[in-house]
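> coordinates only, sequence not included:
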């Protein structure tokens with residue numbers, strides 16, 4: 001009953017107004033020949049090299065690889081935080097590589113939720129106020145923001161901690177607040193960069209259970225960068241990056257046996 005009530009409280013993301021070119025493919029995410037070159041001090045570094053990747057709606061994808069393999073860069077391109085040097089990035093029907101900065105900001109606000117390793121909560125704000133932040137960028141009344149934030153915190157098991165500030169919460173509780181903030185606006189896509197990297201094993205498992213819930217029962221597409229093979233087991237599919245190229249793309253044991 002709580003989940004049904006909470007799902008009603010989390011409004012679906014509005015349609016984007018930007019005049020983005022539409023993608024021809026039906027995949028939720030389609031990267032075609034994507035390369036990224038970083039230039040610093042006159043030196044060029046090839047971070048990604050001719051990446052082709054398709055992700056369907058509702059997938060839970062884990063991305064693994066050694067440090068410097070391009071994992072976070074890939075996540076940033078999919079989330080519209082960066083643009084490729086070459087290639088096409090199509091997500092949710094929009095060609096991200098062709099959008100302006102303003103259009104990308106609007107697109108991200110409507111469609112993407114982010115979860116980071118170190119939570120990125122604002123210390124002077126309560127848990128509820130932190131969760132409300134994405135909604136403050138939209139035309140959402142203060143009463144509606146409070147209602148949606150309360151529903152999101154209830155879903156992650158922190159309804160009783162809404163007025164607490166980050167320093168009053170454990171690491172796992174702070175990550176739960178960050179997850180609530182990520183999905184409170186009703187995004188279709190959750191991008192997670194090492195979401196369990198700063199947590200102990202038991203707390204990390206709780207966070208992964210929560211991400212599975214959002215994927216399996218709320219239909220969120222999840223793409224997670226991780227160094228942790230145990231966390232990766234929660235995904236349906238595993239992509240491995242090595243020196244900027246995809247070295248493996250395979251279903252996990254969970255993906256082969258169906259969702260638990």
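Structure's in. What do you need? All values derive from a computational prediction rather than experimental measurement.

> How about residue 34, nearest residue that isn't a chain neighbour?
Distances taken as Cβ to Cβ, 6 or more residues apart in numbering place residue 87 nearest to residue 34, at 3.5 Å, with adjacent residues excluded. To be clear about C-beta, it is placed using only N, CA and C from the backbone, and glycine gets the same treatment.

> Each with direction, which strands does the host helix or strand of that neighbour pair with?
Assigned by DSSP states H and E, residue 87 belongs to strand 86-91. Applying DSSP bridges, strand 86-91 is found paired with strand 29-40 (antiparallel), strand 94-95 (antiparallel).

> Next, the residues that contact that strand from outside, please.
Here strand 86-91 makes contact (Cβ atoms under 8 Å, 6 or more residues apart in numbering) with 23, 25, 27-35, 50-51, 77-78, 80, 83, 95-97, 111, 189.

> Of the residues you listed, just the buried ones, PyMOL syntax please.
To isolate in PyMOL the members of these that are buried, counting by 16 or more other Cβ atoms under 10 Å, one can use:
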select buried, resi 23+28+29+30+31+32+34+35+51+77+78+80+83+95+96+97+111+189
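
> returning to what we had before: out of the strands paired with strand 86-91, the one nearest residue 203 is which?
Proximity to residue 203 (Cβ to Cβ) singles out strand 29-40 among the strands paired with strand 86-91, at 29.2 Å.

> For the closest one, the averaged confidence score.
Taken as a whole, strand 29-40 carries a mean pLDDT of 94.

> Can you list the strands that whichever helix or strand comes after that strand pairs with?
Sequence order places strand 43-55 as the next helix or strand after strand 29-40, per DSSP H and E. Sheet partners assigned to strand 43-55 using DSSP bridges are listed as strand 29-40 (antiparallel).

> ok, then the element right after the longest helix along the chain?
Longest helix of the chain, by residue count under DSSP state H: helix 201-216. Next helix or strand after helix 201-216 toward the C-terminus (DSSP H and E): strand 221-225.

> quick one: the helices in this structure?
Using DSSP H, helices in the chain cover 2-9, 71-78, 101-111, 127-136, 142-155, 171-183, 201-216, 229-232, 253-257.

> can you put those helices in TSV and add mean pLDDT and distance to residue 59?
TSV is the format used below for these (pLDDT from 0 to 100; distance: least, Cβ to Cβ, whole Å):
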stretch	mean pLDDT	distance to residue 59
helix 2-9	48	20
helix 71-78	95	12
helix 101-111	91	16
helix 127-136	93	23
helix 142-155	94	21
helix 171-183	94	16
helix 201-216	94	8
helix 229-232	94	14
helix 253-257	73	9
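
> Figure out which of those helices is closest to residue 117.
Set against residue 117 and scored by Cβ to Cβ, the helices of the chain come closest in helix 171-183, at 8.8 Å.

> now the closest one and helix 201-216, what's the angle there?
20 degrees (axes from the mean of the first three to the mean of the last three Cα atoms, to 10 degrees).

> Neighbours of residue 136, how many?
By other Cβ atoms under 10 Å, the residues close to residue 136 number 10.

> Roughly how far does the residue nearest to it when sequence neighbours are not counted sit from residue 178?
In this structure, residue 136 finds its nearest non-sequential neighbour in residue 145, 6.7 Å apart by Cβ to Cβ, 6+ apart. Note on residue 145: its distance to residue 178, by Cβ to Cβ, to the nearest Å, is 17 Å.

> can you list the strands paired with strand 86-91 in TSV and add distance to residue 101?
Listed next are the strands paired with strand 86-91 as TSV, based on distance: least, Cβ to Cβ, whole Å:
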stretch	distance to residue 101
strand 29-40	17
strand 94-95	14
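
> Residue 155 is nearest to which of the ones you listed?
Closest approach to residue 155 among the strands paired with strand 86-91 (Cβ to Cβ): strand 29-40, 25.0 Å.
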